[in-house]
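Visitor: okay, here's the prediction I keep looking at, along with the sequence it came from:
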Amino acid sequence: MEVGQPDYKQVSFVDANIRTILPYPSGVKILTDDWEHGGQTWYVQTSGGGSAAVSAAASYMGSNSCKLIAGNVADYWTTIAKDVGLTRTSRVGFEVVYQMPATKGNYICFHIGYGIGVIWYQGWLLYDIVVQHWYYWTPVEGFVACPNGAQDLRVGVGGWHKMKLMVDYAKNEYIIGFSDNIEFDLTGLALYQDVWAQGESLGVGIEVAATDNSQPAFYIDQLTVTEEKV
């Protein structure tokens with residue numbers, strides 16, 4: 001096997017493809033999804049009128065992606081989420097390829113959550129489409145602008161982008177974030193905290209919203225969750 005190339009003998013075809021297209025430092029894959037299986041297996045929640053479904057309308061690779069429709073009122077959100085089980089390492093990565101609508105998009109955000117005892121620790125990266133800036137969520141100040149977070153991302157058909165968020169849930173801290181060609185150093189920053197009473201769990205999710213009631217579509221593809229090196 002050539003250095004830097006996927007080992008097709010050891011991983012699935014889907015995993016090999018995702019390794020090839022996601023450029024960031026990456027650990028051991030514990031979940032991959034490209035929605036080519038044709039089923040919507042993610043938990044879906046909306047604050048009003050939104051939806052999520054497998055779609056052939058757009059894809060980064062293959063035939064399908066996950067189509068997220070924003071809620072039917074300005075700022076109404078739609079979320080997909082999945083529990084992935086506790087990892088062997090406390091450092092976890094979440095990588096996604098995504099496309100935003102040409103108009104009326106408000107934000108898209110990505111999160112990793114870890115529940116233990118009575119606390120749900122959450123790492124969030126949010127891209128504000130209107131102001132073209134990235135934010136992370138803190139336990140005290142709410143969403144705070146990421147260092148080096150200004151980024152004018154292309155929207156609409158063909159405007160695919162890549163992101164990665166890494167956290168350490170043993171320390172309850174962010175590690176780092178990536179978006180296309182830029183990097184956010186979030187080392188040591190505290191994760192957001194919420195109440196929790198459902199046992200130990202690790203999950204990831206994606207949330208979108210619009211600026212009005214037009215319900216634009218976002219597309220998610222080539223998603224992966226990783227155990228990162230300690």
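Guide: Alright, I've got the coordinates.
Visitor: centroid residue for this structure?
Guide: The geometric centre of the chain, computed from its C-alpha atoms, lies nearest to residue 110 (Cα atoms, centre = their mean), at 3.6 Å.
Visitor: the residue lying closest to that one once chain neighbours are set aside: which element?
Guide: With sequence-adjacent residues excluded and distances taken as Cβ to Cβ, 6 or more residues apart in numbering, residue 110 is closest to residue 125, at 5.1 Å. Quick note: C-beta positions are derived from backbone N, CA and C, even for glycine. With secondary structure defined by DSSP states H and E, residue 125 is part of strand 119-128.
Visitor: my guess is residue 172 meets residue 189, correct?
Guide: No: Residue 172 lies out of contact with residue 189 (Cβ atoms under 8 Å); the separation is 10.1 Å.
Visitor: pLDDT averaged over stretch 180-199 - what is it?
Guide: Computed over stretch 180-199, the mean pLDDT rounds to 90.
Visitor: show me which residues of it are buried.
Guide: Residues of stretch 180-199 classed as buried under the neighbour-count rule (16 or more other Cβ atoms under 10 Å) are 184, 186, 189, 191-192, 196.
Visitor: tell me, how many residues neighbour the residue nearest to residue 110?
Guide: When neighbours are defined as other Cβ atoms under 10 Å, residue 125 has 26 of them.
Visitor: quick check: residue 102 vs residue 79, distance?
Guide: According to Cβ to Cβ, to the nearest Å, residue 102 and residue 79 sit 22 Å apart.
Visitor: settle it for me: which of the two has more neighbours?
Guide: Here residue 102 and residue 79 are compared on neighbour count by other Cβ under 10 Å; more neighbours surround residue 79, at 20 against 13.
Visitor: contact partners for the more buried one?
Guide: The contact partners of residue 79, by Cβ atoms under 8 Å, 6 or more residues apart in numbering, come to 44-46, 205-208.
Visitor: tell me which element it falls in.
Guide: Counting by DSSP H and E, the element that carries residue 79 is strand 77-83.
Visitor: quick check: mean pLDDT across that strand?
Guide: This predicted structure assigns strand 77-83 an average pLDDT of 96.
Visitor: within the sheet, what are the partner strands of that strand, with directions?
Guide: Strands flanking strand 77-83 in the sheet, each with its direction: strand 43-46 (antiparallel), strand 201-210 (antiparallel) (DSSP bridges).
Visitor: most packed of those?
Guide: Of those, the one with the most neighbours on average (mean count of other Cβ atoms under 10 Å) is strand 201-210, at a mean of 23.
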